[in-house]
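Student: Quick one, fold the following:
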Amino acid sequence: MNTLEQYGFTDRIDGLFSFHFPGPDVPEPARVIRADRGRVLVASRHGIVHLDGGNSLVTGDWAAIEPGGSVMGCLPRSSLLQRKRAYDPLSEAQILGANIDLLGVVVPLDRPLSTNRLERTLVAAWDSGALPIVILTKADLSTRFDDVVAETVRRARGVEVLTTSAEDRDGLEDLRGRIGAGQTLALLGPSGAGKSSLINALLGDHRQDTGEVRAGDGRGRHTTTARELVPLGDGAVVMDTPGLRGFALWDAENGLSEVFGDIEDLFGDCRFRDCAHDLEPGCAVRSAIESGALEERRWLSYRKMERELASLHRRQDAAEQRRHARSFHRVARDAALAKDFRNRFRETR
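Tutor: Numbers count the residues shown, from 1 in each chain. Sure, this is the predicted structure:
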């Protein structure tokens, strides 16, 4: 198996290169292992090399390389994991990875379960186009194992939940069996969740750096500093990612509907079509909360993410209007300059 095949290259990907880059000189296919400030580390049939990739390529991309070694483009992405860039008033997306088949939401069992984080990450996972799974780690350190697993399964609402321990190697066979040749699993979770330890256990080798976790708050330092593909040896690939403190959603309405579809189904049963689900009579949502059929905490979590996405779209619309206004002013200015030039030209004749 050559280097490129180890990073997930298959006959299907080969066919996509021929389709999207037709002609007698089909470019060399390559997979982006890691992207960092305009430089990319890529895997090709001839080995692993560094290239200038600009800022357009991200980890997981399938890049087309010209004979001279320059990047001429990439295949359309089959999936895209993204979030709103932290502390960005202009509301831009931060792309975390591309061409992911399985997205593992990593939940460590050595600390209290954050249901808000779990639901929020599942929203982003569903919206990416990848198939989400929940991976519980550090089962050997949990004193509330059964309770946390049961609560996670309930919150995941049909998403497959796997329980693992890198230390005892429990559950690794089941997880490894979910990643077929040519597939990419991305691990997404907080710092100290055991993502790198899990990859090392899958490899049977100490490939990824790991760090200690503070006993007081369960937090660990960032031993993974960039998103990177790690081959498992048979064409299956894992994407390690740095720990995320938060996850601001980006255009994730589809994912919101996947995770909270039961809530959105209630809207059609409200007496009024424009029900705000607050104090209106005949509100199906309020009735479900009062009867215990819907947990109010879950409803509030949904409303918070819904408002977050609405605010994002308002900022996007405002930014688009400003761009149109600047473009209009430039056109008007150029037209005025052109008219003034024509008038001056006539006066000199």
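
Student: Secondary structure element for residue 121, which one?
Tutor: Under the criterion of DSSP states H and E, residue 121 resides in helix 115-128.

Student: err, residue 63, not the other one
Tutor: Going by DSSP H and E, residue 63 is in strand 62-65.

Student: So which elements touch that strand?
Tutor: helix 11-20, strand 28-36, strand 39-44, strand 71-74 (3 or more Cβ pairs under 8 Å, 6 or more residues apart in numbering; DSSP states H and E). Where you see a C-beta, it was placed from the backbone N, CA and C, and this is true even at glycine.

Student: Please render the ones you listed as a markdown table that adds distance to residue 297 to the earlier fields.
Tutor: Output for these, formatted as a markdown table (distance: least, Cβ to Cβ, whole Å):
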| stretch | distance to residue 297 |
| --- | --- |
| helix 11-20 | 43 |
| strand 28-36 | 38 |
| strand 39-44 | 43 |
| strand 71-74 | 42 |
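
Student: closest to residue 81 out of these?
Tutor: Across the helices and strands packed on strand 62-65, residue 81 has its closest neighbour in strand 28-36 (13.5 Å, Cβ to Cβ).

Student: list the contacts for the residue nearest to the spatial centre of the chain?
Tutor: The centre of the chain sits closest to residue 81, judged by Cα atoms, centre = their mean, with a distance of 2.3 Å. Neighbouring residues of residue 81 by Cβ atoms under 8 Å, 6 or more residues apart in numbering: 95, 96, 97, 98, 100, 103, 124, 125, 128, 130, 186, 188.

Student: which one of those residues is nearest residue 167?
Tutor: Nearest member of the contacts of residue 81 to residue 167, counting by Cβ to Cβ, is residue 188, at 21.3 Å.

Student: and that closest one, how far is that from residue 9?
Tutor: The gap separating residue 188 from residue 9 is 24 Å, by Cβ to Cβ, to the nearest Å.

Student: Then residue 260?
Tutor: Residue 260 is 37 Å from residue 9, by Cβ to Cβ.

Student: okay, these two: which has more neighbours?
Tutor: residue 9 (24 against 21; other Cβ atoms under 10 Å).

Student: about what we covered before: so which of the helices and strands packed on strand 62-65 is nearest residue 265?
Tutor: Nearest of the helices and strands packed on strand 62-65 (Cβ to Cβ): helix 11-20, 36.0 Å.
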